[in-house]
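Asks: could you work out the structure for the sequence below:
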Amino acid sequence: MRRRWIRAGALTVAVAAVALLLWPARPALRVSDEGRALGHLPLAEGEALTVAYTHSIDGLPIEEDLVVEDGHLVVDATRLRQFGAGMGQIPGEGHGRADGRWWVVEDLDRDIGPELVLRVGSSEVDHRLRVPGTEVELSPCLAGQRVTVEPVRVSTLRLWLDGGPRPDC
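Replies: Below you'll find the model as predicted:
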């Protein structure tokens, strides 16, 4: 009788462990290319997704930080080296400040919706996605392609198996 209880307890623990691995509870970002899933980036509450690229006209780097709020991507901050075409602080939006060689506009709170769609630039534009601990280079393999980033919840197992987005070259 005691062995039966031990086996039942072990089975219960095993089932619970598998359920936890499969339960879609981890916040992440799904990255897709033209509708084809490339993988997921883990993104914990309060962490930012950084979209980094080089401005196509002035050739200087730009970084935009997005956070997830209620299932939407929200632009929180932009960092740039100088004001260029379409770049800089818009009066009444955010707060600008100098940070070394960067000009930073913070507290933008610009809701862009449930997904971000990027038309990936050439190798000179060098589009990259960055979350803490991971950077995905998009331009070498996906120049000219439409890449979609959307917040989702995935299982721990899915994050382990994906190993992060890997664009095919």
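
Asks: how about Pro27, what does it touch?
Replies: Contact analysis of Pro27 by CB atoms under 8 Å, 6 or more residues apart in numbering lists Pro42, Leu43, Ala44, Glu45, Val68, Pro151, Val152, Arg153. (C-beta placed from N, C-alpha, C; glycine too.)

Asks: checking the closest residue to the third one other than its chain neighbours next. Helix, strand or coil?
Replies: In space, not counting the residues next to it along the chain, Ala44 is nearest to Pro27; the distance is 6.5 Å by CB to CB, 6 or more residues apart in numbering. Here Pro27 takes the strand state, with states given by DSSP: H, G, I helix; E, B strand; the rest coil.

Asks: beta-bridge partners for Pro27, please?
Replies: Arg153 (DSSP bridges).

Asks: from the contacts of Pro27, which land in helices?
Replies: Using DSSP state H, no member of the contacts of Pro27 falls in helices.

Asks: got TSV for those residues, with neighbour count and distance to Ala143 too?
Replies: Below are these laid out as TSV (neighbours: other CB atoms under 10 Å; distance: CB to CB, whole Å):
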residue	neighbour count	distance to Ala143
Pro42	18	26
Leu43	22	25
Ala44	11	30
Glu45	7	33
Val68	22	27
Pro151	21	25
Val152	16	25
Arg153	12	31
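
Asks: does Thr148 touch Val31 like I think?
Replies: Yes: at 7.4 Å, Thr148 and Val31 qualify as touching, with contact defined as CB atoms under 8 Å.
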